[in-house]
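Asks: Show me the folded form of this:
(chains A and B)
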2 protein chains.
Amino acid sequence: MVDIATRVYNHKWKIDPIVRSLIDTDFYKLLMCQSVFRNKPDTQVTFSLINRSTHIPLADLIDEGELREQLDHIRSLSLGRGESTWLRGNTFYGKRQMFRPDFMEWFENLRLPPYHLERKGDQYELTFEGSWPEVMLWEVPALAVLMELRSRAVLNRMDRFELQILYARAMTRVWEKIETLREIPGLTIADFGTRRRHSYLWQDWCVQAMREGLGSAFTGTSNCKIAMGREVEAIGTNAHELPMVYAALAEDDAALAQAPYDVLQDWHDEHEGNLRIILPDTYGTKGFLDNAPDWLAGWTGIRVDSGDPATAAQTAIDWWRDRGEDPTEKRVIFSDGLDVGKIKELHAQFAGKAKISFGWGTLLTNDFRGLVPDDALAPFSLVCKAVSANGQPTVKLSDNPNKAMGPADEVARYKRVFGVGDQKAQQVIV
Amino acid sequence: MVDIATRVYNHKWKIDPIVRSLIDTDFYKLLMCQSVFRNKPDTQVTFSLINRSTHIPLADLIDEGELREQLDHIRSLSLGRGESTWLRGNTFYGKRQMFRPDFMEWFENLRLPPYHLERKGDQYELTFEGSWPEVMLWEVPALAVLMELRSRAVLNRMDRFELQILYARAMTRVWEKIETLREIPGLTIADFGTRRRHSYLWQDWCVQAMREGLGSAFTGTSNCKIAMGREVEAIGTNAHELPMVYAALAEDDAALAQAPYDVLQDWHDEHEGNLRIILPDTYGTKGFLDNAPDWLAGWTGIRVDSGDPATAAQTAIDWWRDRGEDPTEKRVIFSDGLDVGKIKELHAQFAGKAKISFGWGTLLTNDFRGLVPDDALAPFSLVCKAVSANGQPTVKLSDNPNKAMGPADEVARYKRVFGVGDQKAQQVIV
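Replies: From the prediction side, this is the model:
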C-alpha cells in the first residue's frame, strides 16, 4: 500500500535540502569554534570558496538559484533540541561536557550570517564575512552544498536504472576497499570525508559500511550529525584555520613567528589527551617542530596533512626522540589524499614506530571515479578558507607549494619568517 | 512515516511465498500443456526432481517443513483473472488467441495435483504423479521453490549490510555482462532463467536490466508472470518432455523411432512461424535430422540445447542446405550453459550464416558465483523431469552423455533404435 500522506508530504518540499542540521559539520569545527568563541570572539574574518580544480566549471554545472536556495536553507537552520542535548551530554574522547555551557547557549541561538554570491566566468565567488565564530561554521556546509549540487547536476541526467547500477558499483567499490583495510592488523581509521562527500546520504552509508566492515578498527566519523545518528564516535581536533587567522592578526614578524604556538597554547589550556594533536604544516613542518617549545613535545600526537607523509611522520618521530619522548607512545594521524594503497603502505612503514591512525576523506566518501561518462562525478579539490582576518590577508604555506595560498608578497614574508626554503611540489589528489 | 497498515499486513503472512502465481512459469510449459491437453490428455506421468549436483545436500540445507509450506502454497493457487485475461487477450509471437478457449477454461479451473516428498539421505525425493497436463505444470515452480529455498538458507545467515553488498555486487556483475552484450551488433537474446533463478525478485530485476541495457536486442522472457508485469514478450516453444513422453508411450521400436516426429507433427498442426522451432537433440541431433521428414526442413529454426553448440549449429546449417533450404533464412537458438563469453563467440561464429538467438538461463538469473564464503550461492544443476509415462520409463540421450537419463537397458535400446554411437562428454555447466 502506498502511504499517501508520506508521498503528499514529500511533494510539499520546495527543495530537497542538502544540509539539514547545524551539526552536519565536522566535529573539529565545533571544537575550534568554542576555542575561538572564548579567545577571539570579535575577530572579523572573511571566508572564501576556492575551486582548485579550475577545469570544473561550477557556475555552468550548478544553477545559481538552486545554490541560493540551499544556502538560504542553511541560514534558516538552528540547533535542534536533541542535537543540543547530544553536544551537552555526550562523551567525546572520553570526556563529558566537552562543550561549555556559555558556548552551548550561544550556539543554540545561532543562525549563520549572510553570504555573498556572485558568478565570475564559469566559477562562483562565494564569500562569508563577519565575526569569526559565526563565519567559520559556514565552511563545511558550503562545501557540502557545492559538492552535492554538482553530484545532483550529473545524477539528474541519469534514469532510475542507471542510478541503481551507479550506486551498486560505488557500494561495491567502497566495500572492496574495506575488505582490503580489514587485512591490516591493528588498523585505526576514521571518516574525515564530510566536506568533499558525494552526498549526505552517501557519507552516512559509507560510515555504516566502515562500522560494519571494520568493527573496532573504525574509530568514528568527523561528522557530528552522522556520529549522533549512527552512535559512533565524533572525531577531530583542529585545523589550519587557527594558525592562519592568528598569524594574520600578528602585528610584526616576531609575533608572526610566535602565532602558531599561541594557537596551541590556547588549545593546551582547554584540552588534554587525544585532543592535543599538533597540526604542524601550516608554515612548514620542519621549522615548526625545530622552533617548538618543549611543552609541545608532551602532546599526544601529530597530524600529517600535506607534503610527503612518510617524510613528515619520520620528521615527527625524530623530533620526539630529540626531545626525549618515546615515539611509540605518540600518535601519528595521516589525513592527506588517502586511499587504501597509501594507507596500507604507511601503516606497514610506521606501525610499531608510533601509534598510527588515518583520517580518510574524499576517496572514502566521494570515490565515483570512472563510474559515469566523462568522469563527471570524479571528486575535485574545493576548499573554503579564511582569506582575511581584521582586514589582513591570511597565508598558508603547508609542506606542499601546490597547497600554498595568500598574496605573493605575504607568502614571501611568511617563508622568510618561518625559514621555509625549497619545497617539493606534490600533486594535490583531492 | 511508517505505513503501519502495510507493516501489520506483512506480519500476517505465515510464509513468504516463492511462487505466487500459476503463470510464474515458462511460456513453453503453457504451449506444451495446451498441446498435451489436446493430444494426450489422459496420459499418466510421473515427474521427479533430480539433483545432478549431488554435492549440494538439499535436505540438509532446506527445512522439510518450509519446503512443504511452499509446495502447499502452490497447490492453493489458481489462475488470476488478470492473468487469464492476459493469456486470452495478449499477442504472442504476433498471434492473437494463442490459447484456445477450451484450454483456458480448463486452466482457469486447475489446481496443481498432490506431490510426494520424502527425505532420502541428504537429498529430497520429490515426485508428482497424475495426468500429464496437470503434473507437467509442477516442473518449473518446483524447481524455482527449491532453488530459492536454498538461496534463502544461505541468505538467512547474512546480516542486512552483507545482503546489500551482495546484491550490489550481483547487480554490478549482471550489468557488466549486459554492457559486454551491448557491443554485439545484431544480438537477439531472451531470458530463459526461471527454473534455476536465484529468486523471483532477482529474475524480475534481471529482466528489467536486460530491457534497460539492451533495448530491442532483448526479445523477452520465458517467464509469463514477469512478461505480463513488465510488458515484455513471453518467449519459448517446446522442450524434451514432449518427445520423451511420446517415446515412452511407443509400443515397439518402429513406433519409438517415429515418436519424435509424431511430436512435431502434432506441433506442426497447431503452430506456425516462430513457434516452429525444432529441438532435435533428445535422442541425438545427427540421427534426428538425417531421418527427418522433408516438411520439417520447412520449419523456422532449431534450438541447440546440449553437446558442442557450434557442432550442432553447423549440423543444422548443413542439413538445411542439403534439404534445399537457405540457412540464412533459418533461426538457430542457443540455450545451453550460456554466459557472455560463449554468447559472443557463437555470435561471431554464426552471424550471417543463420539468424542467431540466445536463450540465456542460469548464468543470467543466478550468477552468484564467488559472492559468499564456500561459494554457497553458486548455481547448481537441478532438474525436474518426466521419468515415466503410463508406467513406462522415459529416456533422454541428448548430445551429451552427462545429460542422459533413464534405466540403462532402455538407454541402450534407445541408442540402438536412434543409431546413436559414441558421444563426446561435455561438462554440464548449469
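
Asks: For the rest of this, base every contact and every neighbour count on C-alpha atoms.
Replies: Fine.

Asks: which SSE is the residue lying closest to residue A:401 once chain neighbours are set aside in?
Replies: Using CA to CA, 6 or more residues apart in numbering or on different chains and skipping residues adjacent in sequence, the residue nearest residue A:401 is residue A:425, 5.5 Å away. Assigned by DSSP states H and E, residue A:425 falls within no helix or strand.

Asks: Enumerate every residue touching residue A:425.
Replies: Each residue near residue A:425 by CA atoms under 8 Å, 6 or more residues apart in numbering or on different chains is listed here: A:307, A:400-402.

Asks: got the residues of chain A near chain B?
Replies: Within chain A, the positions near chain B by CA under 8 Å from any CA of the partner chain are A:1-3, A:6, A:161, A:165, A:167-169, A:171-172, A:175, A:209, A:212.

Asks: Pull out the buried members of the residues you listed.
Replies: A:165, A:167-169, A:171-172, A:175, A:209, A:212 (16 or more other CA atoms under 10 Å in any protein chain shown).

Asks: could you dump these to a markdown table with distance to residue A:361 and secondary structure?
Replies: Formatted as a markdown table, those follow (distance: CA to CA, whole Å; DSSP: H, G, I helix; E, B strand; the rest coil):
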| residue | distance to residue A:361 | secondary structure |
| --- | --- | --- |
| A:165 | 23 | helix |
| A:167 | 19 | helix |
| A:168 | 20 | helix |
| A:169 | 19 | helix |
| A:171 | 16 | helix |
| A:172 | 18 | helix |
| A:175 | 15 | helix |
| A:209 | 14 | helix |
| A:212 | 18 | helix |
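
Asks: Could you export those residues as TSV, including pLDDT?
Replies: Converted to TSV, these look like this (pLDDT from 0 to 100):
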residue	pLDDT
A:165	94
A:167	96
A:168	96
A:169	96
A:171	96
A:172	95
A:175	96
A:209	97
A:212	95
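
Asks: Out of the contacts of residue A:425, give me the one that has the most neighbours.
Replies: Of all the contacts of residue A:425, residue A:307 has the most neighbours under the rule other CA atoms under 10 Å in any protein chain shown, reaching 24 neighbours.

Asks: For that one, which three-state class applies?
Replies: coil (DSSP: H, G, I helix; E, B strand; the rest coil).

Asks: Next, the contact list for it, please.
Replies: A:398-400, A:424-426.

Asks: Identify the residues contacting the residue in the stretch 51-200 of chain A that chain B sits nearest to.
Replies: Closest to chain B within the stretch 51-200 of chain A is residue A:168: 4.2 Å, counting by CA to the nearest CA. By CA under 8 Å, 6+ apart, residue A:168 lies in contact with B:165, B:167-169, B:171-172.

Asks: Leaving aside the residues adjacent along the chain, what's closest to residue A:115?
Replies: residue A:128 (4.9 Å).

Asks: What's the first helix or strand after the helix or strand containing that neighbour?
Replies: Per DSSP H and E, residue A:128 falls inside strand A:123-131. Sequence order places helix A:132-135 as the next helix or strand after strand A:123-131, per DSSP H and E.

Asks: so where's the stretch 301-430 of chain A uncertain?
Replies: Residues of the stretch 301-430 of chain A meeting the criterion pLDDT under 70: A:429-430.

Asks: OK, now which residue of it is nearest to chain B?
Replies: Proximity of the stretch 301-430 of chain A to chain B (CA to the nearest CA) peaks at residue A:371, 11.4 Å away.

Asks: what's the helix or strand for that residue?
Replies: Here residue A:371 is assigned to no helix or strand, by DSSP H and E.

Asks: Give me the neighbour count for it.
Replies: Residue A:371: 16 neighbours (other CA under 10 Å).

Asks: Might one say that it is in contact with residue A:166?
Replies: Yes: in this structure, residue A:371 is within contact of residue A:166 by CA atoms under 8 Å, at 6.6 Å.

Asks: before we move on, the earlier item: now the residue of the stretch 51-200 of chain A closest to chain B: how far from residue B:203?
Replies: Separation of residue A:168 from residue B:203 (CA to CA, to the nearest Å): 17 Å.

Asks: How about residue A:10?
Replies: Taking CA to CA, one finds residue A:10 at 31 Å from residue B:203.

Asks: now do residue A:105
Replies: Distance, residue A:105 to residue B:203, by CA to CA: 56 Å.

Asks: So these two - more neighbours on which side?
Replies: Set residue A:105 next to residue B:203 and count neighbours by other CA under 10 Å: residue B:203 wins out with 24 against 11.

Asks: hey, where'd the helices end up in the stretch 151-300 of chain A?
Replies: Using DSSP state H, counting those that start in this stretch, the helices of the stretch 151-300 of chain A run over A:160-182, A:200-214, A:224-230, A:241-249, A:253-270, A:285-290, A:294-297.

Asks: Make CSV from the contacts of residue A:425 and add secondary structure to it.
Replies: As requested, these are exported to CSV (three-state DSSP):
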residue, secondary structure
A:307, coil
A:400, coil
A:401, helix
A:402, helix
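
Asks: Identify, from those, the entry nearest to residue B:246.
Replies: Nearest to residue B:246, judged by CA to CA, of the contacts of residue A:425 is residue A:307 at 79.7 Å.

Asks: rewinding a little: buried deepest among the helices of the stretch 151-300 of chain A, which one?
Replies: helix A:241-249 (a mean of 23; mean count of other CA atoms under 10 Å in any protein chain shown).

Asks: The residue nearest to residue A:115: how many residues sit nearby?
Replies: Each residue near residue A:128 was counted by other CA under 10 Å, and the total is 27.

Asks: next one: the one 3 residues further on
Replies: Neighbour count for residue A:131, taken as other CA under 10 Å: 20.

Asks: which ones are touching the spatially closest residue to it that is not a sequence neighbour?
Replies: For residue A:131, ignoring the flanking residues on the chain, the nearest one in space by CA to CA, 6+ apart is residue A:44 at 4.6 Å. In this structure, residue A:44 makes contact with A:129-132, A:389-391, judged by CA under 8 Å, 6+ apart.

Asks: Over to residue A:267?
Replies: Counting by CA under 8 Å, 6+ apart, the residues that residue A:267 touches are A:35, A:276.

Asks: ok so, going back, roughly how far apart are the residue nearest to residue A:115 and residue A:375?
Replies: Residue A:128 is 31 Å from residue A:375, where distance means CA to CA.

Asks: cool, residue A:8 as well?
Replies: Distance, residue A:8 to residue A:375, using CA to CA: 36 Å.

Asks: what's the answer for residue A:207, then?
Replies: For residue A:207, the distance to residue A:375 - CA to CA - is 24 Å.

Asks: what does residue A:325 give?
Replies: Residue A:325 sits 47 Å away from residue A:375, going by CA to CA.

Asks: Which one's more surrounded, the two?
Replies: Neighbour tally, residue A:325 and residue A:375, criterion other CA under 10 Å: the higher count belongs to residue A:325, 16 against 11.

Asks: what sits against that one?
Replies: By CA under 8 Å, 6+ apart, the neighbours of residue A:325 are A:297-298.

Asks: same thing with residue A:127?
Replies: Going by CA under 8 Å, 6+ apart, the list of residues near residue A:127 reads A:46-49, A:115-117.
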